[in-house]
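[1] dropping a prediction and its sequence here:
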Amino acid sequence: MDKLNNKFIEITQAEMSFTTKKGVFHALKDINLTVKKGEFVTLIGHSGCGKSTLLNLIAGLLTATEGALLCANREISGPSPERGVVFQNHSLLPWLTCFENVYLAVERVFGAAESKAQLKERTRAALALVGLTHAEQKRPHEISGGMKQRVGIARALSMEPKVLLMDEPFGALDALTRAHLQDELLKIVAKTGSTVVMVTHDVDEAVLLSDRIVMMTNGPAATIGEILEVNLARPRERVALAQDAQYMAYRTAVLEFLYHRQAHPAMKEAA
Ligand SMILES: Nc1ncnc2c1ncn2[C@@H]1O[C@H](COP(=O)(O)OP(=O)(O)OP(=O)(O)O)[C@@H](O)[C@H]1O
């Protein structure tokens, strides 16, 4: 791995303030984080601490008020297909089929350089990667919530992004569908070598998926409290891990951070 790849995403002294009717709200401060190529990083912290804000800064959907954000050595100055985003609410166009929803993204990125046949092939390959070949011609209202999220993931992957940014992609799904999609995501990432930054509230999800878990302090002026390296061998298998002492130790470390060291303000008041 070369020097560039060791710092694939590089965030230095980033700050984010929002101007509101009540004045300036200081959401994030002193954010320093590097993500390596092929690394899977999750952001975890209490509600409102700034996880989505940080992800949106990396996506280029927000601009930091201070500091520098780089992706592959270039300044992040806006959204780009090199950083594919998957939101909690799939955001598919309801009047288009699954195929057309993905095709639209493929056409936007590769349309100028490739033939229609090549674009269709890319679309098919992305849908196959998430196991949705059979649903290509269905519209979003005809498929389940889990399938919609898979189309969202296929759409993001179809653009061959350098980084996949996911904001609680499985947050709206039931526990079994969620587990299934986590397993699928692990396989896809193993196959594609994607670099992933993902926001989650779920401690088990974070430990199962991550190479590193970025634990954030409470806001306002939230920052990175601690980073936990998860050295569990891959491929990871959830049933085996449920009994694994090292897995339990990682899980406890995250819970300890969230519920002892960063108890949510509402919990402190209740105590
Ligand atoms: N556009 C905005 N204008 C003003 N304040 C904002 C804006 N976006 C976010 N905030 C504030 O910044 C803080 C961080 O919000 P953010 O959505 O990043 O938190 P989060 O950790 O992702 O929360 P959750 O887990 O509940 O989704 C919150 O206090 C939020 O109210």
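    Now that the structure is in, tell me what you want to look at. Residues are numbered from 1 along each chain as shown.
[2] what about P235, distance to L119?
    Separation of P235 from L119 (CB to CB, to the nearest Å): 32 Å. No exception for glycine: its C-beta is placed from N, CA and C like everyone else's.
[3] who has more neighbours, those two?
    A direct count of neighbours by other CB atoms under 10 Å for P235 and L119 places L119 higher, at 19 against 8.
[4] can you give me phi and psi for A154?
    Torsion angles at A154 (phi, psi; degrees, to the nearest 10) stand at phi -60, psi -40.
[5] what residues does the stretch 101-250 of the chain put near the ligand?
    With CB under 6 Å from any ligand atom as the criterion, the stretch 101-250 of the chain meets the ligand at residues G219.
[6] list the contacts of the residue of the stretch 101-250 of the chain found nearest the ligand.
    Residue nearest to the ligand within the stretch 101-250 of the chain: G219 (5.2 Å; CB to the nearest ligand atom). Counting by CB atoms under 8 Å, 6 or more residues apart in numbering, G219 makes contact with 27-28, 48-50.
[7] just the residues contacting the helix or strand containing E256, thanks.
    Element membership for E256, per DSSP states H and E: helix 245-256. With CB under 8 Å, 6+ apart as the test, helix 245-256 has contacts from 44, 203-204, 206-207, 213, 215, 228, 230-232, 241.
[8] repeat that with 6 Å
    The contact list for helix 245-256 (CB atoms under 6 Å, 6 or more residues apart in numbering) reads 203, 207, 228, 230, 241.
[9] list the buried ones in it?
    For helix 245-256, burial by neighbour count (16 or more other CB atoms under 10 Å) applies to 247, 250-251, 253-254.
[10] okay, these in JSON lines with pLDDT next?
    Listed next are the buried residues of helix 245-256 as JSON lines, based on pLDDT from 0 to 100:
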{"residue": "Y247", "pLDDT": "97"}
{"residue": "Y250", "pLDDT": "98"}
{"residue": "R251", "pLDDT": "97"}
{"residue": "A253", "pLDDT": "97"}
{"residue": "V254", "pLDDT": "97"}
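[11] can you lay out these as TSV showing distance to I188?
    Listed next are the buried residues of helix 245-256 as TSV, based on distance: CB to CB, whole Å:
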residue	distance to I188
Y247	22
Y250	22
R251	24
A253	27
V254	24
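[12] pick the one among those residues closest to E168.
    Ranked by distance to E168 (CB to CB), the buried residues of helix 245-256 are led by V254 at 16.1 Å.
[13] R178 versus the closest one, what's the distance?
    18 Å.
[14] how about A253?
    Counting by CB to CB, the gap from A253 to R178 is 22 Å.
[15] go on, R122?
    Look at R122 and R178: by CB to CB, they are 28 Å apart.
[16] more neighbours: the two, which one.
    Looking at R122 and R178 with other CB under 10 Å, you find the greater number of neighbours at R122, namely 22 against 19.
[17] quick one, phi/psi of that one?
    Main-chain dihedrals, R122, degrees, to the nearest 10: phi -60, psi -40.
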